[in-house]
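Colleague: starting from these lines, generate the structure:
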Amino acid sequence: MTDRPKLRLLPRHEARVRGGHPWVFSNEIAMDVAARALPPGGLVELEDARGAPLATAYFNPRTLIAARVLGAPGTVVDRAFWHERLAAALHLRERMFDKPFYRLVHAEADRLPALIVDRMGDVLSVQANAAGIDAALDDILGALTDLLKPRAILLRNDSPVRELEGLPQETRVAHGTIDAPVEIEENGCKFLLDLRDGQKTGWFYDQRANRAFVAGFAKNARVLDLYAYAGGFALAAAKAGAREVIAVDRSAGAIEAINANAAANGLKVDAVKAEVFADLERRIGLNETYDVVIVDPPAFIKSKKETASGLRGYAKLAKLAAPLVAPGGILFTASCSHHADLVNFAHAITHGLGQAKRSGRVLQTSGAGPDHPVHPLLPESAYLKALTFQLD
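Modeller: Presented below is the predicted three-dimensional model:
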């Protein structure tokens, strides 16, 4: 530990670290020649401008988020360290869920910066989104194996964030074998997942509670699920007794998944392959209405400079979805773009509703489920925003 490189912060830039913030930006560090020459992902000791110790972190001189804090000064970072942090995350999830289907690790909020682990029964899907976590993967995977004895561990290291860290993109099985779809359970339904080709880690556990809430309005209802992916909202609605469920997605793979999952549960869902904006305009032209309309798109805003155009996209989506909601019906809309905060997202949606000349009330403002905890100093970790309206 004493041999670790020491990085000094610039004067008057230590307060956030002392206050518990897990990130240090490159413009807060005295980036001399020695600092710039350090290998990406190596452990360092952070000091204030006077040399007083601040924290142990891993460091990447090539990125804007240059240092990610792991613990107090002099923290021993070995397999036992990762085992302890992972065990704490596991204990929390086991208090919340009685079945092994959840996000096990949600990065900084679980004191495991840039690490994502989703648990699909006896299979784990892992993303290492920073050089420091990538460098520690052998110890992390070893600790996960010790704790959970998984049948298989899949590395879904294909996030664009890895490119910013100077890391290659890859998808590979790091432990065991995966030679068939993996089955999970959610809201009384089972889903068969292709973890290798699915989006993100293969499933979106973050919407579990929102799917259950919206399904509460689905009995005897006509339901339209837009951007349906593998059918999480659609199947929950069908299970709750909807008289008709239509699920729309432009991906042929998603349509196949919806059909397979509906069949596996003995449920009827009409899966439609279409681009959502065009499909909405078509349905408006046919004067169709639904008791529940669900709009859960992928992120419209991938970078800060796209914020304004992305918000216009959300407003347009609300404008097109609103005419399809029957009077007294339910509109659920969500954003997973962390660059759009709740206030701006809500403003975009209400602007779109106003353009459609629809009024109503917000029944629930929500986010991700409790297995996606939010770091109190990182508003970015509250990435998911959802609004459920009843429209007049």
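
Colleague: touching, G241 and N220? I think so.
Modeller: Yes - using CB atoms under 8 Å, G241 is in contact with N220, at 6.3 Å. For glycine as for every other residue, the C-beta is placed from the backbone atoms N, C-alpha and C.

Colleague: need the residues touching each of those two.
Modeller: Both G241 and N220 lack any common contact, where contact means CB atoms under 8 Å, 6 or more residues apart in numbering.

Colleague: quick check: mean pLDDT of the strand or helix carrying I349?
Modeller: Assigned by DSSP states H and E, I349 belongs to helix 342-355. Taken as a whole, helix 342-355 has an average pLDDT of 96.

Colleague: what is the helix or strand that contains Y58 packed up against?
Modeller: Using DSSP H and E, Y58 sits in strand 53-59. Here strand 53-59 touches helix 15-18, strand 42-47, strand 65-71, helix 131-135, going by 3 or more CB pairs under 8 Å, 6 or more residues apart in numbering; DSSP states H and E.

Colleague: cutoff 6 Å now
Modeller: strand 42-47, strand 65-71 (3 or more CB pairs under 6 Å, 6 or more residues apart in numbering; DSSP states H and E).

Colleague: got the CA coordinates for it in PDB?
Modeller: Once non-C-alpha atoms are left out, strand 53-59 reads as follows in PDB (Å, rounded to 0.1, in the frame of the first residue of the first chain):
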ATOM      1  CA  PRO A  53      -4.400  11.600   2.800                       C
ATOM      2  CA  LEU A  54      -7.900  11.500   1.400                       C
ATOM      3  CA  ALA A  55      -8.800   8.100   0.000                       C
ATOM      4  CA  THR A  56      -7.800   5.000  -1.900                       C
ATOM      5  CA  ALA A  57      -9.000   5.000  -5.500                       C
ATOM      6  CA  TYR A  58      -8.400   3.500  -8.900                       C
ATOM      7  CA  PHE A  59      -7.200   5.900 -11.500                       C
END
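
Colleague: residue contacts, the nearest residue to P297 once chain neighbours are set aside?
Modeller: Distances taken as CB to CB, 6 or more residues apart in numbering place Y227 nearest to P297, at 4.6 Å, with adjacent residues excluded. Shown in contact with Y227 (CB atoms under 6 Å, 6 or more residues apart in numbering): V276, D296, P297.

Colleague: where helices are concerned, which of those residues count?
Modeller: V276 (DSSP state H).

Colleague: quick one, strands of the stretch 51-200 of the chain?
Modeller: Counting by DSSP state E, counting those that start in this stretch, the stretch 51-200 of the chain has strands at residues 53-59, 65-71, 101-106, 115-120, 123-128, 152-157, 170-176, 182-186, 189-193.

Colleague: need the pLDDT of D146.
Modeller: 97.

Colleague: poorly predicted segments of the stretch 101-250 of the chain, please.
Modeller: Where the stretch 101-250 of the chain drops to pLDDT under 70, the residues are 198-200.

Colleague: domain-wise, how is this structure divided?
Modeller: In terms of domains, the chain is parsed into 6-71, 79-179, 183-391 (source: automatic domain parsing).

Colleague: number of nearby residues for the closest residue to L320 other than its chain neighbours?
Modeller: Distances taken as CB to CB, 6+ apart put L280 closest to L320, at 4.0 Å, once the chain neighbours are dropped. Close neighbours of L280, defined as other CB atoms under 10 Å, add up to 25.

Colleague: start the count at 36, not 1, going forward
Modeller: In the new numbering, first residue 36, that becomes L315.

Colleague: right, and L315 touches A353 too?
Modeller: No - the criterion here is CB atoms under 6 Å, and L315 misses it with A353 at 10.4 Å.

Colleague: ramachandran angles for A247?
Modeller: Note on A247: backbone dihedrals following degrees, to the nearest 10 are phi -70, psi -40.

Colleague: do you know how far it is from A275?
Modeller: Per CB to CB, to the nearest Å, A247 is found 9 Å from A275.

Colleague: now the helices: where do they sit in the stretch 286-427 of the chain?
Modeller: For the stretch 286-427 of the chain, the helices defined by DSSP state H, counting those that start in this stretch cover 287-300, 311-320, 342-356, 377-390.

Colleague: kindly export the second one (C-alpha atoms) in PDB.
Modeller: This points to helix 311-320. Provided in PDB are the C-alpha atoms of helix 311-320 (Å, rounded to 0.1, in the frame of the first residue of the first chain):
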ATOM      1  CA  VAL A 311     -42.900   3.200 -32.800                       C
ATOM      2  CA  PHE A 312     -43.400   6.700 -34.100                       C
ATOM      3  CA  ALA A 313     -44.800   5.500 -37.400                       C
ATOM      4  CA  ASP A 314     -47.000   2.900 -35.600                       C
ATOM      5  CA  LEU A 315     -48.400   5.600 -33.300                       C
ATOM      6  CA  GLU A 316     -49.300   7.800 -36.300                       C
ATOM      7  CA  ARG A 317     -51.000   4.900 -38.000                       C
ATOM      8  CA  ARG A 318     -53.100   4.000 -35.000                       C
ATOM      9  CA  ILE A 319     -54.100   7.700 -34.600                       C
ATOM     10  CA  GLY A 320     -55.300   7.600 -38.200                       C
END
